[in-house]
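A.B. asks: here is the input, now give the coordinates:
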Amino acid sequence: MTKKKIKKKIEEYDGWELKYFDQSYNFRKYQLRLFEKYIKGSVAEIGPGSGGNLLYYIKKPTRIDLFEPSRSIYLKLKNNFKKYKKISFYNKAFKSKKRYNAILYMDVLEHIKNDKSEIINALNCVKSNGYLIINVPAFSHLYSEFDKDVGHYRRYSKLDFKKILKGIKFKKVTFIYYDTIGYFLSLFSKLLITKYNSNFEKKIKFWNSLIWLSIILDKVFFNSFGKSLFVFIKK
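C.D. replies: Reported below is the predicted structural model:
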């Protein structure tokens, strides 16, 4: 695929699935508990979509830069958050001369073909002792038609990131698998359900209603597996 076709594909991406996950308030609140302590000062979020995560951490930073390459999503995002003076909007892939206390990739890195180059570029824009925060779908054996349909190149494990980070300079990396219930529901869906998008909204609501159980089981299993993986890289 040529660069021109890739750019066109990104610009045409409508993020049809975002509205369902953005309505999953229990899950979003759980996510926030896992990464909120790293959010302060100047923050950049890459591929923020419709702002589903932004709503939860918006009060914490002093400045926020949002980089959204999809034109249609960018326009909605800007309209939804235009009243916030501390937010700057950019309709492009991440490229900046600024330095940030934290940079977030929330379910974005799996959409990027050359993920290692993206991580290197992002870390160059993180201040000393700041954090690159990456949330991705976990485990390649869960890769499904849904992943393919929404443009995921891959799912990740801790080992995948250890390989990617080899040769890259940083102070510390922390991994957290989470959402045990989501893991089993994803596995069940892949193995037994032929049409994942049938009653998709109801399935998402059912999963979101069980997040309380995921929170308990994640602790029981010491965050050893889950539907998602958080990676916190300290510069």
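
A.B. asks: could you use CA atoms for every contact and neighbour count after this?
C.D. replies: Noted.

A.B. asks: helix or strand right after the lengthiest helix in the chain?
C.D. replies: In the chain, with assignment by DSSP state H, the single longest helix is helix 180-192. Using DSSP states H and E, the helix or strand that directly follows helix 180-192 along the chain is helix 200-209.

A.B. asks: run through the neighbouring helices and strands of that next one.
C.D. replies: Contacts defined by 3 or more Cα pairs under 8 Å, 6 or more residues apart in numbering; DSSP states H and E place helix 200-209 against helix 18-22, helix 25-35, helix 180-192.

A.B. asks: wasn't residue 98 part of a strand?
C.D. replies: No - according to DSSP: H, G, I helix; E, B strand; the rest coil, residue 98 belongs to no strand; its state is coil.

A.B. asks: next, count neighbours for it.
C.D. replies: 12 (other Cα atoms under 10 Å).

A.B. asks: shaky segments in this protein?
C.D. replies: 1-15 (pLDDT under 70).

A.B. asks: what about the strands in it?
C.D. replies: 42-46, 63-67, 87-90, 100-106, 126-137, 172-178, 228-234 (DSSP state E).

A.B. asks: as CSV, these with distance to residue 212 and mean neighbour count would be great.
C.D. replies: CSV is the format used below for the strands of the chain (distance: least, Cα to Cα, whole Å; neighbours: other Cα atoms under 10 Å):
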stretch, distance to residue 212, mean neighbour count
strand 42-46, 27, 24
strand 63-67, 30, 22
strand 87-90, 32, 16
strand 100-106, 21, 24
strand 126-137, 19, 22
strand 172-178, 12, 17
strand 228-234, 16, 22
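
A.B. asks: which of those sits closest to residue 75?
C.D. replies: Residue 75 sits nearest to strand 87-90 of all the strands of the chain, at 9.5 Å, using Cα to Cα.
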